[in-house]
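Asker: Fold the following.
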Amino acid sequence: MQLINLLVLLPALVSAAHGDPRRMSYSGSCIIAKDGTWSPKCTTAYVEAALGSQCKELGGALSNINFQTTVTQINYRCNCVHGNTKDFTYNDGVFEAKAVIGDKC
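Answerer: Below is the predicted model:
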């Protein structure tokens, strides 16, 4: 019986530890050099894989909110990240995206 109670309470305890899930938006672009070029690695697939992996680690699921995403305009949403996540800038040397926490899920 105690095991059943623990299994019922565990999701609530985990949620309380991470705070209420929130939406997070990423916006940015490939890092463009002074000569106007950028890394050939900076493709839509690369950006989606990198942000998708990070989003998943934060408890969320990635979605593209601008289906016109290009190397000069990156716009994605990470739905339902942990509530204790704060705004930050993602920069892996290939692209940079500002991550901003928004409304509750």
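
Asker: Now do the closest residue to Thr72 other than its chain neighbours, the pLDDT please.
Answerer: What sits nearest to Thr72 in space, not counting adjacent residues and going by Cβ to Cβ, 6 or more residues apart in numbering, is Ser29, at 4.9 Å. C-beta here means a position set from N, CA and C on the backbone, and glycine is covered the same way. With respect to pLDDT, Ser29 scores 93.

Asker: for the one 10 residues further on, same thing?
Answerer: Among the per-residue scores, Ser39 holds a pLDDT of 93.

Asker: so how far is Asp92 from it?
Answerer: 10 Å (Cβ to Cβ, to the nearest Å).

Asker: coming back round to it: where does the residue nearest to Thr72 land in three-state SS?
Answerer: strand (DSSP: H, G, I helix; E, B strand; the rest coil).

Asker: For it, give me its contacts.
Answerer: Ser29 sits next to Val71, Thr72, Gln73, Ile74, Phe95, Glu96, Ala97 when contact means Cβ atoms under 8 Å, 6 or more residues apart in numbering.
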